[in-house]
Structure formats: C-alpha cells, structure tokens
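quick one, structure for this:
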Amino acid sequence: MIIIRTFAPYLAVLASVAPLVTMGAPNGQDGQAGKNGGDANDPIARQQRVALVEELRLGSVDGGAEAFGRVSGVATIDGGTLWVADEHAASLLRFSAEGEFLGAVGRRGSGPGEFRSVMGVRSLLGQRVVTWDPGLARVTIFSSDGEVDFQFNVPQAVVLRDRRLLHTDTTSRVWILTHVATGPRREGQETWSVFDTTGLLLETVRGPVPDIRGPRFVRRRLAYTQMYAFTERTISAVSPCGYLVRGRNDRYRISWGAAPETTITVDRDWSPIEIRGDERHDYQLLEDLFASRRQVRPERVPSAKPPFWHLAVDADCRIWVARHSVGRLASDIQTGADAPRSLQANRDLLWREDRVFDVFDERGKFLWTVELPHAHSDVEVARGDHIWVVERGAYDETYVVRYRIAEH
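As a prediction, the model looks like this:
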C-alpha cells in the first residue's frame, strides 16, 4: 500500500520503499490558491493554478439542432466526435470536433436503437458508445456512425433517472448500478453489476457502506449531480481503470486500487469552511422542512462543511475531488420569517458554491485545482488537457462547452 499525505502547502509522498518526497500542493482555507483562499503570490501555489480556455460552445436559446432539452450525458470518441444524450428528445446528438451537427441517433420508442428515456452515454474501445435506458432497463451499444451494434437488458437494474448508473472501463466492460441497500445498517450501499459487451455478467462489485450522518435533504445542481447539505458520508466512484475510488468526507481521505497490495491512499490536511449566519439558518429551515415530511427528527446543520461532497474519475483515471467552498447568496429570494415557502420552491437557487475540484493522477500525485467558470455547471468528460462541461444559461438553456486546461 502507498499512502500519500498532503500537508499544505506541500505534498508528501510516503511509501515503504521510498524516501520522503515533497512537491507543490493546494494551500489556503479551502485548499485553492488565489480566488478561494491562499496566497496568490506564493510560487508553489501559482504552479497549481490552471486556467480554462473556452474552445467550443454548443447550444442555443433560439431552438434548432443545437438547442438541447435536458442533457443527460456526454461522451467523446477518438477523432473528437461528441455524443450528447438528450433526455427530453430521447435521442443522441452527434457533433464533429469542430462543432458541426452530424445528426441524431435514436428516437422515442421501444424498438432497436429507440429509447423510452436515454440516461447517460459512455465511450467504449473501437470508437463505440454505450447508452442506458432506465425505462426499458436496456443497454445499447452504437458504432461510430450511429448503427446499433448490440443491446441487452438488465432487468435487475436500479430504475432511477440518473446518468451515474452507467460507467465503462478501459477493457470495454459495462458497469450498471443494480442495487441500492435500504435499512439502518447499509442504507445507500451500492452494488454494481459488470457486463461484457454481449451482456454476459462478469462480476458484481459492492461499494462501501455510506454511514450517513447529518442533514439528509439534497441540494440538486445542474443536470443530475447531487450535493448533500454538508452530510458526512462515505462516497465512492467507478474508475475506468476497473475499480472503485472511495472517500470518507469527515476528513480528506481517499483510497483506490484493484487489490489491497496496490491500494493508494491520499490523506490530506484541510481547513474547515465555516457555515455562518444566514447560510446556516436557511439550510436549517430546509432540514426542518424535509424532516417533517419524512416524519423524523431533524438533524442540526453543522458549523463547518466537510472537505468534499463528490468524487469522479475521468477517462485518464484521474480522480476529481469536488470540494466545498464558501457559500454566497445567489438571488433575491427572501430569507428570514418567510424563508420556508421560498426555500421550498427555490432551494437550489438561494445559496451557491463555486465548483472547485482537486485533481490527482492515478498514482496519487496532485495535479491541479480547477474552478469552473459557472456555479451551475458539471464536468461531463475530461481527457488529456480538455474537459467538456454542461452549463446552464441565463434563460435556463443548456450548453455543452469544451475547455482546454492551460497551466500557468
């Protein structure tokens, strides 16, 4: 096992056969230099910062082929062709690397290549893509030109409208979430079924027990990514390298590996971000409201945020750690005595956090901290020095944007 411990402002690598090595690591109150904390004049901190350079923007507020309904997944294949899953249209939209619309694949229905709903799209080896239809409990594999290669059903799958139910790995295995446990001891524990591209079940992989503690209501962000309201829990994510990445967010500790002897653990110091004043007051009102609906005793909103709230792994097996950041009031929604009614209708609009990620390579080396330009956005694909992001516009329209990661 290799243990990687981060001590701001340095990253220390500890291994049983290696001496202590130090290199740059995040600094500041919430781990990011510059805007969200830390000293922008610190040369080590400057080396960590990356800029996002916009290269391509797809989407329109006026309609047409580029006007997306509800984006439920994005994938890229060799050569740069972009596949966008549109849940509202029940189809896949294809674009060239230059942004030219290449046509739609699929339509609403239940026949071959048709969808009752399309939820998630992932790339496979050989320039193919795979999609998941929760309405039909069906996996469909398409060739690069949009023809159906194969499809199979997974009747035991969890029927949720969530693109995170579908993953692929570098050996073209297809991961489908097939069980989420209930009950006090294993609540939320996930089980993944892993198939080959002919639908043969290869193995099942059970995730960690979340051991959820704290407020239970969910703050929903753009599309389907969920941010729990400062809940302490064990989080996991599927890696395309064929294993689960796991992290407990009551501390900054994340582990991954295909076997115990090859497990890498990142254990990093962090400075808590306090939840103060109106932000804490408003979220307590929300917790009270939703606890009353569940007919349970409400939890107290903590005085500080956990270090992170989500984990994801990109096409290069890099781990993206979504960190909490300082909350800011995002609208003119009334707070105070009338807050419960306003919050009930606008719970994801009142307080926002910047979308900030720490990124580590597969060996555990810290690479950079990335901040997305817009709070209402999600990273869909990251490969090499490019990321594809889904963003929400001023009129609630949706854009798919390609950025280049440019190190300072």
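
how near is the residue nearest in space to the middle of the chain to residue 404?
The geometric centre of the chain, computed from its C-alpha atoms, lies nearest to residue 312 (C-alpha atoms, centre = their mean), at 5.0 Å. Residue 312 is 19 Å from residue 404, where distance means C-beta to C-beta, to the nearest Å. (Each C-beta comes from the backbone N, C-alpha and C, glycine too.)

residue ranges with poor pLDDT in the stretch 201-350 of the chain?
216-229, 330-349 (pLDDT under 70).

helices of that one, residue ranges please.
Taking DSSP state H, counting those that start in this stretch as the criterion, the stretch 201-350 of the chain contains helices spanning 277-294, 339-346.

which secondary structure element is home to the closest residue to residue 321 other than its chain neighbours?
Nearest non-adjacent residue to residue 321, counting by C-beta to C-beta, 6 or more residues apart in numbering: residue 358, 4.4 Å away. Assigned by DSSP states H and E, residue 358 belongs to strand 356-360.

give me the sheet partners of that strand and which way each runs.
strand 319-323 (antiparallel), strand 366-371 (antiparallel) (DSSP bridges).

please save the CA atoms from that strand in PDB.
C-alpha atoms of strand 356-360 as PDB (Å, rounded to 0.1, in the frame of the first residue of the first chain):
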ATOM      1  CA  VAL A 356     -13.900  23.700  -7.300                       C
ATOM      2  CA  PHE A 357     -12.000  20.400  -7.900                       C
ATOM      3  CA  ASP A 358      -8.700  19.000  -6.700                       C
ATOM      4  CA  VAL A 359      -7.300  16.600  -9.400                       C
ATOM      5  CA  PHE A 360      -5.000  13.700  -8.700                       C
END
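
next, the residue lying closest to residue 99 once chain neighbours are set aside: secondary structure please.
Spatial nearest neighbour of residue 99, chain neighbours left out: residue 56 (5.2 Å); criterion: C-beta to C-beta, 6+ apart. Three-state call for residue 56 (DSSP: H, G, I helix; E, B strand; the rest coil): strand.

is residue 56 in contact with residue 402, as I believe?
Yes. The pair residue 56 and residue 402 qualifies as a contact (C-beta atoms under 8 Å) at a distance of 4.2 Å.

neighbour count winner among those two?
Legend: neighbour count by other C-beta atoms under 10 Å for residue 56 and residue 402, higher for residue 402 (22 against 17).

so that one is in which element?
strand 398-407.

roughly how far out does that strand sit from the chain middle?
16 Å (C-alpha atoms, centre = their mean, to the nearest Å).

cool, stretch 278-287 as well?
For stretch 278-287, the distance to the chain centre is 25 Å (C-alpha atoms, centre = their mean).

so which bits of it are buried?
279-280, 282-287 (16 or more other C-beta atoms under 10 Å).

now render those residues as TSV, adding distance to residue 48.
Formatted as TSV, the buried residues of stretch 278-287 follow (distance: C-beta to C-beta, whole Å):
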residue	distance to residue 48
279	27
280	30
282	33
283	30
284	35
285	37
286	34
287	35
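
out of those residues, which one sits closest to residue 138?
Nearest to residue 138, judged by C-beta to C-beta, of the buried residues of stretch 278-287 is residue 286 at 36.6 Å.

quick check: the gap between that closest one and residue 350.
9 Å.

strands along the stretch 1-150 of the chain, start to end?
In order along the chain, the stretch 1-150 of the chain carries the following strands (DSSP state E, counting those that start in this stretch): 2-7, 10-15, 18-24, 50-58, 71-76, 82-86, 91-95, 101-105, 121-124, 128-133, 138-142, 148-153.

show the average pLDDT along the second one.
In this model, strand 10-15 has a mean pLDDT of 31.

ok, the longest one next?
Per-residue pLDDT over strand 50-58 has a mean of 94.

list the buried ones in it?
So for strand 50-58, counting by 16+ other C-beta under 10 Å, buried means 50, 52, 56, 58.

ok, for residue 255, nearest residue in space, not its chain neighbours?
residue 265 (4.4 Å).

thought the one you found was touching residue 252?
No. The pair residue 265 and residue 252 does not pass the contact test of C-beta under 8 Å, sitting 11.0 Å apart.

ok, back up a step: next, the buried residues of the strand holding residue 402.
Of the residues in strand 398-407, those buried (16+ other C-beta under 10 Å) are 398-403, 405.

one more: stretch 186-197?
188-190, 192-195, 197.

quick check on the closest residue to residue 189 other than its chain neighbours: phi, psi?
Nearest residue to residue 189 in three dimensions, chain neighbours excluded: residue 181, at 4.1 Å (C-beta to C-beta, 6+ apart). Phi and psi for residue 181, reported as degrees, to the nearest 10, are phi -70, psi 150.

please report the distance of residue 181 from residue 212.
Taken as C-beta to C-beta, the span from residue 181 to residue 212 is 12 Å.

dump the buried residues of strand 50-58 to TSV, plus distance to residue 298.
Shown next, in TSV, are the buried residues of strand 50-58 (distance: C-beta to C-beta, whole Å):
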residue	distance to residue 298
50	40
52	39
56	45
58	42
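
picking up where we left off before, from the buried residues of strand 398-407, pick the one nearest residue 208.
Among the buried residues of strand 398-407, and counting by C-beta to C-beta, the member closest to residue 208 is residue 405, at 30.2 Å.

so that closest one sits right up against residue 55, yeah?
No. Assessed by C-beta under 8 Å, residue 405 is found out of contact with residue 55, at 10.8 Å.

anything in contact with each of these two?
residue 386 (C-beta atoms under 8 Å, 6 or more residues apart in numbering).

can you list the residues that contact the strand holding residue 402?
47, 49-59, 68-71, 74, 82, 84, 368, 370, 380, 385-393.

now the residues you listed: which count as buried?
49-50, 52, 56, 58-59, 68, 71, 74, 82, 84, 368, 370, 380, 386-392.

who's in contact with residue 124?
By C-beta under 8 Å, 6+ apart, the neighbours of residue 124 are 130, 141, 168, 172, 197.

buried members of those into PyMOL, please.
Applying 16+ other C-beta under 10 Å to these, the buried members can be selected in PyMOL as follows:
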select buried, resi 130+141+168+197
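
got JSON lines for the contacts of residue 124, with distance to residue 121 too?
Formatted as JSON lines, the contacts of residue 124 follow (distance: C-beta to C-beta, whole Å):
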{"residue": "130", "distance to residue 121": "7"}
{"residue": "141", "distance to residue 121": "11"}
{"residue": "168", "distance to residue 121": "10"}
{"residue": "172", "distance to residue 121": "15"}
{"residue": "197", "distance to residue 121": "15"}
